[in-house]
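>>> Sharing a model prediction with you, sequence too.
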Amino acid sequence: LKRKRPPKLQIPSSGGESEVVKPDHKDVPMDISAEGKGYGIHSKKGHREVLEDAYQAVLDIDGNSRHAFFGIFDGHGGRVAAEFAADNLSRNIRDALDNGERDLEAAVRVGYLSTDAAFLKKQLSSGASCVTAFIQDGSLVVANAGDCRAVMSRNGVAVALTEDHRLAREDERRRVEDLGGYVDLYSGVWRLQGVLAVSRGIGDIHLKRWVSAEPEIQKLAVDEDCEFLLLASDGLWDVVSNQEAVDCVGDEIRSAEMSSVGGLAASTKKLAELAASRGSQDDISVMAIDLRHF
């Protein structure tokens, strides 16, 4: 029996700090392009009335130009969970560090779980997939919960740094079933309780027994072979391969003019438009981060 998705939610106004200029995601019906030092972002609205993706970029953390946070958040059942994660996740990670957590990977984990716990207190049914990157003194910590993905270009070769949390993964199906949930294959897509196509993320209070906010985390050193990092929602990855994405963005990112106004954002817009031209009807958000800046 197919169950209906949760209805879209009216999004309440929300606060939250903003270390860099970012758009007010509330009731944004159009596409978004933005650029800052070392990164560019483009979000293209899909078939829904309102763009449900959100993003965050925090530069010069604690006054250090080598410390930065980036994230893409893909909402479902409305945009409120994605916006909440964008507004709060980076701060919760930094709070964990300020409160004595010395291990960055552990702080990222605490940040995901505390953001999820805070959102659940709102008793809203929205949810969000998340992918984030925290750069600190030459180290890169990438984390994900859901089907947003991080892909790095290493000398022009695409290297996936995350694995999607979809129920096509046998380990995720087994985890859900061990917790008493069930998984159905509907129109070629495995769904949790016949409803949700992802098995991890922020929110989804009605499915929280099975939808884990526990991120998978990878840490690596950023060396001279690490060129740029792509963070993107599944609206891109469903129709564009990792290597195609790297090839599409790479020439502009590696050019001498990549720091000029519009350069990085233009490269991400090009990639989003490629996905749309291939029939992606989902929201498409792509962020490119030039690792040489950090």
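On my side now, so go ahead.
>>> So what would you say the end-to-end distance of stretch 163-177 is?
Using Cα to Cα, to the nearest Å, the end-to-end distance of stretch 163-177 comes to 20 Å.
>>> List the buried residues for that stretch?
By neighbour count with 16 or more other Cβ atoms under 10 Å, stretch 163-177 contains the buried residues 164-167, 172-173, 175-176. Placement of C-beta: from N, CA and C, glycine included.
>>> L196: which of these is nearest?
Using Cβ to Cβ, L167 comes nearest to L196 of the buried residues of stretch 163-177, at 8.5 Å.
>>> quick one on the thing from earlier: select from the buried residues of stretch 163-177 every entry located in helices.
172-173, 175-176 (DSSP state H).
>>> Closest one of those to D234?
Closest to D234, out of all of those and judged by Cβ to Cβ, is E172, at 15.0 Å.
>>> From P215, how far off is that closest one?
13 Å (Cβ to Cβ, to the nearest Å).
>>> Check which helices and strands the lowest-mean-pLDDT helix or strand in the chain is in contact with.
Within the chain, no helix or strand scores below helix 242-254, which has a mean of 87 by mean pLDDT, DSSP states H and E. For helix 242-254, the elements it packs on are strand 149-154, strand 157-160, strand 226-232, helix 263-277, strand 284-290, judged by 3 or more Cβ pairs under 8 Å, 6 or more residues apart in numbering; DSSP states H and E.
>>> Report the inter-axis angle for that helix versus strand 284-290.
For helix 242-254 against strand 284-290, the angle by axes from the mean of the first three to the mean of the last three Cα atoms, to 10 degrees is 50 degrees.
>>> V141: what's it in contact with?
Each residue near V141 by Cβ atoms under 8 Å, 6 or more residues apart in numbering is listed here: 104-105, 108, 133-135, 217-219.
>>> burial of D234, as a residue count?
Applying other Cβ atoms under 10 Å, we find 22 residues neighbouring D234.
>>> Can you give me the distance of G180 to R209?
G180 is 7 Å from R209, by Cβ to Cβ.
>>> Give me the more crowded residue out of those two.
R209 (13 against 8).
>>> Which residue, neighbours along the chain excluded, lies closest to that one?
Leaving aside its sequence neighbours, R209 sits nearest to L179 (Cβ to Cβ, 6 or more residues apart in numbering; 6.1 Å).
>>> what's the pLDDT at the one you found?
pLDDT for L179: 96.
>>> Tell me how many other residues surround it.
For L179, using other Cβ under 10 Å, the count is 10.
>>> The one 5 residues further on now?
A total of 15 residues lie near D184 under the criterion other Cβ under 10 Å.
>>> Now it: closest residue in space, sequence neighbours ignored.
Nearest residue to D184, sequence neighbours excluded (Cβ to Cβ, 6+ apart): G194, at 4.6 Å.
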